[in-house]
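*Asks:* Fold the following.
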Amino acid sequence: MIPGEREEDGSREERPPDGPIPHDHRIDVVKERFAARLMTYPNVTGVGVGLRMRAGRRLSEPCVRVFVSRKVPEAELRASDVLPRELEGVTVDVVEGEFTLLRNGAPPLPPERRRARHFPFAVPGTSVAGLRVTAGTLGAAVYDATGGGSQLLLSNWHVLCGVPECAAGEEIVQPGPFDGGTAPRDTVARLLRYADTDRVDAAVAVLDGNRFLSDAIAGIGLVSGVGAAGLGMRARKSGRTTGVTGGIIDAVGLDVTVGGRLFRGQFTVASEDGAPVVAGGDSGSLTVDDRNRAVGLLFAGRTDGAYWIANPIADVIAALGIRFTPDPLPLDAAVLLTAADS
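*Replies:* Residues are numbered from 1 along each chain as shown. Presented below is the predicted three-dimensional model:
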């Protein structure tokens with residue numbers, strides 16, 4: 001039986017997800033058709049395609065997911081303010097969730113390596129920021145796909161930049177200023193380009209030659225490639241504040257309000273036991289699946305830390321002109337190397 005299909009008596013099988021859930025494009029269509037209308041209801045913070053929750057348990061039933069800042073009993077609402085239970089045969093599930101960028105108010109760490117200066121290699125998963133920012137996370141080493149193939153440092157726009165007037169060439173320090181980083185002593189890179197749109201909060205910086213950048217992420221290792229987020233998949237990240245944590249991809253195609261701005265097409269990773277998996281300072285962490293493929297760039301989280309939100313990595317790659325592997329060898333060089341090894 002396909003997870004979530006109907007039993008013979010008409011009831012729906014209720015099982016927790018034990019892996020990726022088959023994609024149902026019909027729900028995508030319904031979500032897109034009604035998202036703008038649902039976002040106008042009181043307290044609604046986001047609308048996407050998610051896994052249904054019942055009595056605190058996550059089920060293997062895809063649905064239209066609606067996040068609200070707080071649930072209000074129907075008796076206290078006007079009839080016109082009550083969210084529908086179903087849309088065109090698709091269940092509408094309501095979950096509390098108010099989201100914020102994970103930079104401002106970054107809590108101090110105990111004296112651990114994640115907020116320390118790393119030399120001669122800067123390490124993804126540790127503290128980094130532009131001089132106008134407190135502290136975020138160095139997400140990953142990537143490579144310039146627009147020409148030259150230079151190694152770049154990847155994080156969020158609001159970690160490496162943070163203000164509309166920032167410009168290419170601004171200094172990036174590791175660790176971030178909140179963790180004691182200063183310029184020029186701790187300068188590791190300079191801002192190259194960024195994307196601050198309704199789909200992507202991301203930026204890259206080019207190394208300034210004072211330090212190397214490790215391709216391996218602290219506690220996770222090397223990125224094996226690029227994948228796509230899907231409901232029911234397990235994912236994890238390595239962040240400046242909470243270290244290596246993980247959860248289940250719980251919503252995709254999410255249109256969500258963060259800090260008063262509407263972001264479109266995002267996905268969430270949810271704690272499987274309700275414990276916090278993210279906190280201030282984790283912004284910029286790379287989200288990877290259980291095969292260590294990059295699937296997203298973390299930029300926000302629920303205020304209680306039980307969810308994080310990520311930009312799909314395909315959108316980040318397209319917006320910044322990057323890849324996760326260096327330039328392939330030219331054919332003649334590859335032939336020469338092969339001949340030398342034989």
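*Asks:* Can you give the distance of whichever strand in the chain runs longest from its chain's centre?
*Replies:* Determined from DSSP state E, the single longest strand within the chain is strand 243-258. Between the centre of strand 243-258 and the centre of its host chain there is 7 Å, according to CA atoms, centre = their mean, to the nearest Å.
*Asks:* next one: stretch 44-58
*Replies:* With CA atoms, centre = their mean as the basis, stretch 44-58 stands 18 Å off its chain's centre.
*Asks:* ditto for stretch 284-295
*Replies:* On CA atoms, centre = their mean, the centre of stretch 284-295 falls 9 Å from the chain's centre.
*Asks:* Go through that stretch and flag the buried ones.
*Replies:* Neighbour counts using 16 or more other CB atoms under 10 Å place G284, S285, L286, T287, V288, D289, N292, R293, A294, V295 of stretch 284-295 among the buried residues. Every C-beta, even on glycine, is put in place using the N, C-alpha and C of the backbone.
*Asks:* and if you look at stretch 200-218?
*Replies:* 200-207, 211-215, 217-218.
*Asks:* Likewise for stretch 243-260?
*Replies:* By neighbour count with 16+ other CB under 10 Å, stretch 243-260 contains the buried residues 243, 245-258.
*Asks:* now swap in stretch 266-284 and tell me
*Replies:* 266-272, 277-284.
*Asks:* ditto for stretch 27-43
*Replies:* For stretch 27-43, the neighbour count (16+ other CB under 10 Å) marks I27, D28, V30, K31, F34, A35, L38, M39, Y41, N43 as buried.
*Asks:* Surely the fifth one and V90 touch.
*Replies:* To tie it back to what came earlier, the one meant is F34. No: counting by CB atoms under 8 Å, V90 is not a contact partner of F34; they are 9.3 Å apart.
*Asks:* list residues touching both of those two?
*Replies:* Each of V64 lies in contact with both F34 and V90 under the rule CB atoms under 8 Å, 6 or more residues apart in numbering.
*Asks:* host element of V47?
*Replies:* Using DSSP states H and E, V47 maps to strand 44-54.
*Asks:* got it, and A319?
*Replies:* Counting by DSSP H and E, A319 is found in helix 313-320.
*Asks:* in that helix, what counts as buried?
*Replies:* In helix 313-320, counting by 16+ other CB under 10 Å, buried: I313, A314, D315, V316, I317, A319, L320.
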